[in-house]
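J.: Here is a sequence with its predicted model. Questions after.
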Amino acid sequence: MDTAERRGTSGTGAAARTAARGGPQGPDRDTAAGVEQRDAPSYRPLWVEEPARRRRLPDPVRTAAVRAVLIIAVTLIQAVIAVLCTLADSWLAFPMVLSSVASAVVATWGALDVWVTRQVWNQRYGVVSTPASTARALRRERRAARRRARSAERAQERIRRRGGAGQLSHP
């Protein structure tokens, strides 16, 4: 796509050549350092990126899913060929039916593999334990008590450094 197409002109004729040069007088030289300044082409982007609605599958799970889809696709193709060979009374019908049955077993294994891989991944990496609200409250109370104890200890240490020995006023 050239500049004339983006600007909405046909790309032929004097108007297109004038628009490509920057107007009837040529490019605008009044800008700083002689830099040519034109209106930016106003065109729509081909697509607008939107945030993903769901998180991406982990790599091992995605690999198992792709493998399962390929196995299931081959199984379906074999089943169609077996049906067509049976309808045509071909000698290939019996071997294709046997291979379709075997492929169905393998496809079931592939689907189970996706499920098991996903469960294992979630068990190893995906489970984020969130403590109950009571445990969270207890931890918060313990942290607050520790902070109070530390601040009291710092205050005592300041009093000891000044040599006040607990006196409220200096003599």
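T.: Nice, I can see it.

J.: Give me the mean pLDDT for stretch 85-98.
T.: Averaged across stretch 85-98, the pLDDT comes to 94.

J.: Okay, now it: how far is its last residue from its first?
T.: 13 Å (CA to CA, to the nearest Å).

J.: Give me the buried positions along it.
T.: For stretch 85-98, the neighbour count (16 or more other CB atoms under 10 Å) marks 85, 93, 96-97 as buried. (Each C-beta comes from the backbone N, C-alpha and C, glycine too.)

J.: who touches that stretch?
T.: When contacts are defined by CB atoms under 8 Å, 6 or more residues apart in numbering, stretch 85-98 is touched by residues 78, 81-82.

J.: likewise stretch 66-82?
T.: Contacts of stretch 66-82 (CB under 8 Å, 6+ apart): 92-93, 96-97, 99-100, 103-104, 106-107, 110-111, 113-114.

J.: before we move on, back to that, in the contacts of stretch 85-98, which residue is surrounded by the most others?
T.: residue 82 (22 neighbours; other CB atoms under 10 Å).
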